[in-house]
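[1] Model the structure of this input:
(2 chains)
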Amino acid sequence: MTQRTALFDNHLAAGARMVDFAGWEMPIHYGSQVEEHHQVRRDAGMFDVSHMTVLDLDGPDSRDYLRRLLANDVARLKTPGKALYSCMLNEQGGVIDDLITYWLGGDRYRIVVNAATREKDLAWMRERLQGFDARLTERDDLAMIAVQGPNARERAATVLGKAAEPALALSPFQGVELEDGLFVARTGYTGEDGFEILLPTGRAGALWEALRQAGVQPAGLGARDTLRLEAGMNLYGQDMDETVTPLESGLGWTVAWAPEDRDFIGRAALQTQRAVGGLRRFVGLVLEARGVPRAGQRVILPEGGEGEITSGSFSPTLQRGIALARVPADTGERVEVEIRSKRLPARVVKPAFVRHGKSLID
Amino acid sequence: MSNVPNDLRYTTSHEWVRDNGDGTVTIGITDHAQALLGDLVFVETPEIGASFEQGDACAVVESVKAASDVYAPLAGEVVEANPDLADSPELVNSDPYGAGWIFQMKVEDAEMAMAGLMDADAYQASIEED
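    As a prediction, the model looks like this:
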């Protein structure tokens, strides 16, 4: 039995092609995935991301709990509303999920985790709550709309009414709680500026239609995937999972090593891995021949040795194949990718290809 | 609802075939197939002069989502490949039965060979089953 978000009828009305995504009936595109991709890079598009799991945490020990649970450190959140990206690790350092935590002030936090990992995340998080005086609440009463693109904030502000002013005042990676259950954050998953807006499910349809009237076009999960890949952002379950650590997933920057006495889950395993060395690198690949790299394809080093593509696609912005890959420590600047039994040349780059509409690779 | 022209013949693997009446046939993928694939980004057309048996993989259509083989609907020799697809693969999406044609083959006894393929009604019924 698949679930539907509060915007299901709006998707159908907009001509969406619906697919099953992690048990949710979600729009893959509304006609052309590539057009939707360009719309977000050039103007403004919106995504229904209500399938993602929103959790509220409160209680006197909530901060201590998160400092134990997460590889990044919520003590870094100095102003209410500020967001922190982090991995949640198992004892072996494997990634259970990646998530965003907002500090709402006092002992209150809001956590957004992936839809596909909902049940295992909840089970893990509840089990770890033992010994902490804190409470987790599922917020299934909220819908989430991501409005993204160079004109996204401006367009969204025209329909936010009283909320427009505080929303426009947000700095990047900052959110704000407003009246009537509205929460607006300057975050996203596209490499463009924009908002992620949470609001009660009953009001989601009206906001969606108002945004459309304001010139924000609906975009599906297909465009969301090519946008995040161009931005060099990892996708859980594809670029990392419980069998790899953040240190081999391009996410070392999200691990807060200091202070040394903060004993987060997975810390010992990561320290051992770091001490042993020889870590595989997580890189970007730009294909230099016609073709589209795909997850699971082999990456072959000139001196021998192999890696693997974790995410790959055609980049609508760059008009060529790009990929994220996990490769041996000694990988140089050039590799080959095996695509449909042909070996095609690729260049190794930092894993971010496009930001704010501009190519980062030439 | 997919467009399935009456004057063409079809395969279960979603190719269409047009009898040009001069011993050659033109081949492409159906409207239904292009809709399933989504935006095409590359089309690898077969080499002119290459010969294929019926059912051989002879071309590749690659969308943002996935790469798919195109199969020779009939046995024959490739005599033309659509030169516009190298720069404009999206023609297959926008005009699958016209400007988005993929290649032409010389076929022995085209009329007879075509009779072995599905007509529009049969193809329409087959995609409704999917």
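
[2] Please make it C-alpha for all contacts and neighbour counts, starting now.
    Will do.

[3] For whichever residue of chain B sits closest to chain A, give its distance to residue A:283.
    As assessed by C-alpha to the nearest C-alpha, chain A sits closest to residue B:64 within chain B, at 5.7 Å. Counting by C-alpha to C-alpha, to the nearest Å, the separation of residue B:64 from residue A:283 is 21 Å.

[4] cool, and residue A:136?
    Taken as C-alpha to C-alpha, the span from residue A:136 to residue A:283 is 36 Å.

[5] Who has more neighbours out of those two?
    Ranked by neighbour count (other C-alpha atoms under 10 Å in any protein chain shown), residue A:136 and residue A:283 place residue A:283 first, with 22 against 18.

[6] Show the pLDDT at the more buried one.
    Listed pLDDT for residue A:283 reads 98.

[7] Please enumerate the helices of chain B.
    With DSSP state H, the ranges of helices along chain B come out as B:31-37, B:91-94, B:110-115, B:120-129.

[8] can you list the ones you listed in JSON lines and add mean neighbour count, distance to chain A and mean pLDDT?
    Below are the helices of chain B laid out as JSON lines (neighbours: other C-alpha atoms under 10 Å in any protein chain shown; distance: least, C-alpha to the nearest C-alpha, whole Å; pLDDT from 0 to 100):
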{"stretch": "helix B:31-37", "mean neighbour count": "18", "distance to chain A": "9", "mean pLDDT": "94"}
{"stretch": "helix B:91-94", "mean neighbour count": "21", "distance to chain A": "10", "mean pLDDT": "96"}
{"stretch": "helix B:110-115", "mean neighbour count": "15", "distance to chain A": "31", "mean pLDDT": "90"}
{"stretch": "helix B:120-129", "mean neighbour count": "14", "distance to chain A": "16", "mean pLDDT": "92"}
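
[9] can you list those in JSON lines and add distance to residue A:122?
    Listed next are the helices of chain B as JSON lines, based on distance: least, C-alpha to C-alpha, whole Å:
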{"stretch": "helix B:31-37", "distance to residue A:122": "35"}
{"stretch": "helix B:91-94", "distance to residue A:122": "43"}
{"stretch": "helix B:110-115", "distance to residue A:122": "58"}
{"stretch": "helix B:120-129", "distance to residue A:122": "40"}
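
[10] For residue A:275, which of those helices is the nearest?
    Comparing the helices of chain B against residue A:275 with C-alpha to C-alpha, the closest turns out to be helix B:31-37 (46.4 Å).

[11] Mind giving me the packing neighbours of that closest one?
    Judged by 3 or more C-alpha pairs under 8 Å, 6 or more residues apart in numbering or on different chains; DSSP states H and E, helix B:31-37 is in contact with helix B:91-94.

[12] so how far is the helix it packs on from its chain's centroid?
    Relative to its chain's centre, helix B:91-94 lies at 12 Å (C-alpha atoms, centre = their mean, to the nearest Å).

[13] ditto for stretch A:239-255
    Put simply, stretch A:239-255 sits 14 Å off its chain's centre (C-alpha atoms, centre = their mean).

[14] hmm, who's touching whichever strand or helix holds residue A:39?
    If you go by DSSP states H and E, residue A:39 is part of helix A:33-42. Defining contact as C-alpha atoms under 8 Å, 6 or more residues apart in numbering or on different chains, one finds that helix A:33-42 is touched by A:29, A:45-46, A:148-150, A:192, A:217-220, A:222-224, A:226-227, A:316-317, A:356-357, B:38-39.
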